[in-house]
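Visitor: quick check, what structure comes out for this input:
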Amino acid sequence: MTNVLFISASPRGEASAALQAAEIFRAALPASASFSELDLFAANLPDYTPELASAKQKTMMGADLNNAEASEWSAVEQLVAQFLAADHLLMAIPMWNFSLPYKFKQYIDLITHPGMTFTMDKDGPRGIGSATGTVIYSRGGNYSPKDGVPDPFDFQSPYMNAWCALVGIQPVSEVLVQGTMAGPDAQTNAVSGAREQLEALAGNI
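Guide: Now for the predicted structure:
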């Protein structure tokens, strides 16, 4: 059975183009797949407090944590365990100011640690995760590469590709839901235009 973890990075609920596209993917999954969701805007992610920063440093050095540090670090360990247990990661990420919503960046900062989600050896960093990935990017405009040249305002895809490679999410398929602010029917058309790709990706899980 394939364990699919859906990471939602939009607070807009059913109005979100990214989440509408993710629902198409979910509905097309084989019956044998399990599906769980981490809604980053509802999850009450832990803040990066001095105690949490200290806990990270001590953990990396093999030192003992005090009670306050251990309590806060346990939330990080739970997020990491959930991440590592996934066979496939479905990530719905709207474009905010040409990049990621801050909650997704917070999630990345909370789970990306040496010895937990990646390791280092003589050849450089190597991901500990073993999941495949599908990333849905919803965008008000069109930020696809132009004439083979990456769009200079696309800070989503390069960052996510680098992070996924670091923590071991591979291969990663990108689904672009673009031009959602180009008129009254633009979002509906953008989501519909991605349906075939989404259903094909989900069917191969």
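Visitor: does the residue most central in space within the chain lie in a helix or a strand, and which?
Guide: The structure's the chain has its C-alpha centroid closest to residue 91; by CA atoms, centre = their mean the separation is 4.3 Å. Using DSSP states H and E, residue 91 sits within strand 88-94.
Visitor: list the buried residues of that strand.
Guide: Using 16 or more other CB atoms under 10 Å as the test for burial, strand 88-94 gives 88-94. C-beta coordinates here come from the backbone N, C-alpha and C atoms, glycine included.
Visitor: residues in contact with the helix or strand following it?
Guide: Of the helices and strands lying after strand 88-94 in sequence (DSSP H and E), the nearest is helix 102-111. Identification of contacts with helix 102-111 by CB atoms under 8 Å, 6 or more residues apart in numbering yields 7, 9, 38, 40-41, 45-46, 48, 76, 79-80, 83, 91, 93, 96, 117, 163, 167.
Visitor: ok, and for stretch 23-36, which residues are buried?
Guide: Under the neighbour-count criterion of 16+ other CB under 10 Å, stretch 23-36 has 23-26, 28-29, 33 buried.
Visitor: related to what we said a few turns ago, report the contact partners of the residue nearest to the centre of the chain.
Guide: When contacts are counted by CB under 8 Å, 6+ apart, residue 91 touches 6-7, 9, 104, 133-136, 160.
Visitor: filter those down to the ones in helices?
Guide: Among those, the members falling in helices (DSSP state H) are 104, 160.
Visitor: most neighbours out of the contacts of residue 91, which is it?
Guide: residue 136 (30 neighbours; other CB atoms under 10 Å).
Visitor: give me the nearest residue to residue 199, chain neighbours excluded.
Guide: Spatial nearest neighbour of residue 199, chain neighbours left out: residue 28 (4.2 Å); criterion: CB to CB, 6 or more residues apart in numbering.
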